[in-house]
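# below are the sequence and a predicted model; questions follow.
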Amino acid sequence: MKILVTGGAGYIGSHVVLELIEKGQEVLILDDLTSGSRVNISSDATFIEGSTLDEDILNNILSTNVDAIIHLAASKAAGESMLLPEKYSKNNIIGTLNLLNAMIKNNIQTIVFSSSASVYGYPEYLPLDEKHPTEPINYYGHTKLAIEQFLKWYSDLKGLSFASLRYFNAAGYDKKGRIIGLEQDSANLLPSIMEVANKVRSELKIFGDNYNTDDGTGVRDYVHVTDIASAHFKALNYLRKGENIILNLSSGKGYSVLNVVEKAKEVTGMEIPYKIVCPREGDPGTLVASAKLAKETLNWVPKNTNLNYLIESMWNIYKKN
């Protein structure tokens, strides 16, 4: 297949590109390098510098017999989305609608969409499954849910086939060290810990220690990025059946912030000084999900997802930078 990966120079996108190339696919990358990194671009893929906001570029690319799209291009910081909703409306919603319209114009029917656990909002029960109510508590999550709804409408009205993959805290790096570009301005826990270990940051901020968890800090579900990448290829193959799917990509196991800090100290051999600060608005105490449906539907199992390997594979890259 000839596959366009939007955001393919980003952290997750570059790992998805590697997976596709390893599976013998022809890959095109569209990325404006706002948050992606040129060093992450595989020499085995065709790179086009540009944005989903540029309708001419989209139509030019999609007129070259592209078979399917994997759509990862988006702004993704939940906190920022509450301050700059106009940015998230433009990059996430308008960019995606441009892409969908270009797909219809060029008779392309298959798309795998990078969604997010943020569509769920506060958990009403745990582990979260795909039947959980979707009530986002930040504008970023709203954009992801809105796009899922657009996909459903385009499927009903135009015959589009889609997979929406809801990620839970992607982490880790390619075990062969082929992706070396670091996430830019990441607010996520593990990149922040790596920057403290690497002395780029003086200390880690832990947002709250009074949650109803074993040690009072927030508990999250982490998935190795290589496992997330493998799910995209499996989802593409599944869509050949003509059935749409919405799936969680999760490990089903939660770790507290302090669990992760202690494991990072052990793996890196570095001190991780931290400071407890006020909880962030909209941060649930625990977010752990079930990926039972992904296993049943795609035969997807997160083989690389254990905390030690997540941190080790990240530290191998960060300590070189």
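Looks like it came in fine. Numbers count the residues shown, from 1 in each chain.
# what sits up against stretch 299-312?
Contacts to stretch 299-312, defined as Cβ atoms under 8 Å, 6 or more residues apart in numbering, come from residues 171-172, 175, 190, 193, 222-224, 226-227, 230-231, 234, 247, 249-251, 255, 259-260, 263-264, 267-268, 291, 294-295, 313. Every residue, glycine included, has its C-beta placed from N, CA and C.
# would you check that residue 172 makes contact with residue 226?
Yes - the pair residue 172 and residue 226 passes the contact test of Cβ atoms under 8 Å, sitting 6.7 Å apart.
# now for the helix or strand bottoming out on mean pLDDT in the chain, which elements pack on it?
One helix or strand of the chain scores below all others by mean pLDDT, DSSP states H and E: helix 78-83, with a mean of 91. Judged by 3 or more Cβ pairs under 8 Å, 6 or more residues apart in numbering; DSSP states H and E, the packing partners of helix 78-83 are helix 85-88, helix 139-158.
# could you redo the last one with a cut-off of 6 Å?
Contacts defined by 3 or more Cβ pairs under 6 Å, 6 or more residues apart in numbering; DSSP states H and E place helix 78-83 against helix 139-158.
# distance from the chain centre to the helix it packs on, please.
17 Å (Cα atoms, centre = their mean, to the nearest Å).
# past it, which element shows up next along the chain?
strand 161-167 (DSSP states H and E).
# tell me what angle that next one forms with helix 139-158.
160 degrees (axes from the mean of the first three to the mean of the last three Cα atoms, to 10 degrees).
# tell me which other helices or strands strand 161-167 touches.
So strand 161-167, by 3+ Cβ pairs under 6 Å, 6+ apart, packs with strand 110-116, helix 139-158, strand 245-249.
# strand partners of it, parallel vs antiparallel please.
strand 110-116 (parallel), strand 245-249 (parallel) (DSSP bridges).
# what comes up buried for the first one?
If I follow you right, that is strand 110-116. 110, 111, 112, 113, 114, 115, 116 (16 or more other Cβ atoms under 10 Å).
# can you give the contact residues for it?
With contacts defined as Cβ atoms under 6 Å, 6 or more residues apart in numbering, strand 110-116 is touched by 68-72, 144, 161-167, 232, 235-236, 239.
# keeping just the C-alphas, turn it into PDB.
The C-alpha trace of strand 110-116 is given here as PDB (Å, rounded to 0.1, in the frame of the first residue of the first chain):
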ATOM      1  CA  THR A 110      -9.400   4.600   4.400                       C
ATOM      2  CA  ILE A 111      -8.100   6.500   7.400                       C
ATOM      3  CA  VAL A 112      -6.600   5.600  10.800                       C
ATOM      4  CA  PHE A 113      -7.000   8.500  13.200                       C
ATOM      5  CA  SER A 114      -4.800   9.300  16.200                       C
ATOM      6  CA  SER A 115      -7.300  10.000  18.900                       C
ATOM      7  CA  SER A 116      -6.800  10.300  22.700                       C
END
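# the contacts of stretch 299-312 in strands, which ones?
171, 223, 224, 247, 249, 255 (DSSP state E).
# could I have the ChimeraX command that selects the buried members from the contacts of stretch 299-312?
Command for ChimeraX that selects the buried part of those, burial taken from 16+ other Cβ under 10 Å:
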select :171,172,190,193,222,223,224,226,227,230,231,234,247,249,250,251,255,259,260,263,264,267,268,291,294,313
